[in-house]
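[1] output the structure for:
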Amino acid sequence: MKEIKAYVHSSRVAGVIAALKNSSAWGGERTGRRHNLAVYVVKGSIMPLDSGEQHYAMDLGDEVVNEYKLELLCEDGEVDEIVAAIQASARTGQAVAGWITVTELVQAIAIH
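    Predicted coordinates:
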């Protein structure tokens, strides 16, 4: 099992979520199991798309961009499709428009 995290521009997050939900990995034959997508607004240092996207964070003492962090768990065989969906839908045309990380999980326990 893997954990995927993606850091994307606020202008792309809705498209990324739609792409994930439209992927076959998201709605595959999981017999009742569903992906759990968590979405957070975070302050980051990615290059802003325009000057309006960047602001000074008093608590950090630096210029930041509000970006989104998405987290989800998936089976090993779903990683490539999910990463491809995120990568394609998060593009902004910049050299670096965010990051995707994939981490091995030792255990994931559902709470019932």
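
[2] can you verify Ser11 is assigned to a helix?
    No - checked against DSSP: H, G, I helix; E, B strand; the rest coil, Ser11 lies outside a helix; its state is coil.

[3] doesn't Thr92 make contact with it?
    Yes - if you go by Cβ atoms under 8 Å, Ser11 and Thr92 touch, sitting 7.5 Å apart. No exception for glycine: its C-beta is placed from N, CA and C like everyone else's.

[4] identify the contacts common to the two.
    Taking Cβ atoms under 8 Å, 6 or more residues apart in numbering as the criterion, Ser11 and Thr92 both touch Leu49.

[5] which residues in this structure form helices?
    Per DSSP state H, the chain carries helices over the ranges 13-22, 24-27, 79-89.

[6] distance of Leu70 from Ala18?
    From Leu70 over to Ala18 the distance is 12 Å, taken as Cβ to Cβ, to the nearest Å.

[7] no wait, Leu72
    For Leu72, the distance to Ala18 - Cβ to Cβ - is 14 Å.
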